[in-house]
Structure formats: structure tokens, C-alpha cells
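Participant: okay, here's the prediction I keep looking at, along with the sequence it came from:
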Amino acid sequence: LKPGVIFALRNRNDGVNINQQNRLHPYYLVYIGKDGEIIANHTEAKKLLDLVRTSSKGRHEPVTAICRLFNDETDDGRNMGAYSTLLNSAIRSMIEVTEEKDLDSLFSGGKTTALLNTISGLDDFELIAFLVVQAEAA
């Protein structure tokens, strides 16, 4: 897997998933690279879960060297600024994807989801968990 973070979020607004874009609603998964590139957006939950499953196959314990690398990088979790920035970017990407899908719904034959209960930002979500994906320790 590419180095980055997988965020597991819970949406606090029950009305947001009206168009059924997210099969895990009210939970959302987003995988963002350390460079800010979205690797799997919130509508690609199956792809993301498959990636995690295949990447962790055969591993039953944390990789101590990787854990140490994370602790060194974040001063044992006290300096999470880089991860907060990635979280904000991940949520912004969810807003953009939702807006794109809503716009597409304007031009489809069915009901439109545009202008209905949209995601507005960080306050709409609760961070449930995050999984940091590090490069393999040498």
C-alpha cells in the first residue's frame, strides 16, 4: 500500500446519504496518501477493504519497527498536525465527490440529489479510527 492514512469516520447527519452513494453510511472510509492524493474515496469502500485485507494477510501482530517510526514522526502522538491536515483534505475530497455525484444526478433520468442534505465539513464527522500506512521498514 502507498504510505498514507485510512480514516474511519462517522457522519453525525443522518440525512446526508439520501442518494445511497456510501453503502457503509453513517460510516465513511477514506484512504489518503501522505502527499494528499486520494487513493480511495468514500464511495470505494469495497476496494479499500480489499486493499487492507490483502495487504495485511498473514500478519497477526503489529510491526514494531513501523510503530516506532510513527511514534518518532509524531513525538509519540503529541504532534499530529500532518495527520490533521490529511483528515481535513480527506473530508474536503468527500465534499467534492458528493458534489460531483449530485451534479451528475441533475442530468440522469431519476431523482436528483443536488441541493439535498450535503456534507458541509469537519463538524459533520466524528473520527472513529485511523490506520497509518507506512513504508516497510528497512
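Facilitator: That came in fine, so what should we check first?
Participant: what residue is smack in the middle of the protein?
Facilitator: The C-alpha lying nearest the average C-alpha coordinate of the chain belongs to residue 30 (C-alpha atoms, centre = their mean; 1.5 Å).
Participant: in the sheet, which residues pair with that one? Tell me.
Facilitator: In this structure, residue 30 bridges to residue 7 when assessed by DSSP bridges.
Participant: right, and it touches residue 9 too?
Facilitator: Yes. If you go by C-beta atoms under 8 Å, residue 30 and residue 9 touch, sitting 7.3 Å apart. For glycine as for every other residue, the C-beta is placed from the backbone atoms N, C-alpha and C.
Participant: need the residues touching each of the two.
Facilitator: residue 91 (C-beta atoms under 8 Å, 6 or more residues apart in numbering).
Participant: count of neighbours near residue 69?
Facilitator: The criterion is other C-beta atoms under 10 Å. On that basis, residue 69 has 15 neighbouring residues.
Participant: same question, the one 4 residues further on
Facilitator: Counted with other C-beta under 10 Å, the neighbours of residue 73 add up to 15.
Participant: circling back to that earlier point, for residue 64, see how far away the residue nearest to the centre of the chain is.
Facilitator: Counting by C-beta to C-beta, to the nearest Å, the gap between residue 30 and residue 64 amounts to 27 Å.
Participant: same question for residue 95.
Facilitator: 37 Å.
Participant: the chain: helices as residue ranges?
Facilitator: Assignment of helices within the chain using DSSP state H yields the ranges 45-56, 64-74, 81-106.
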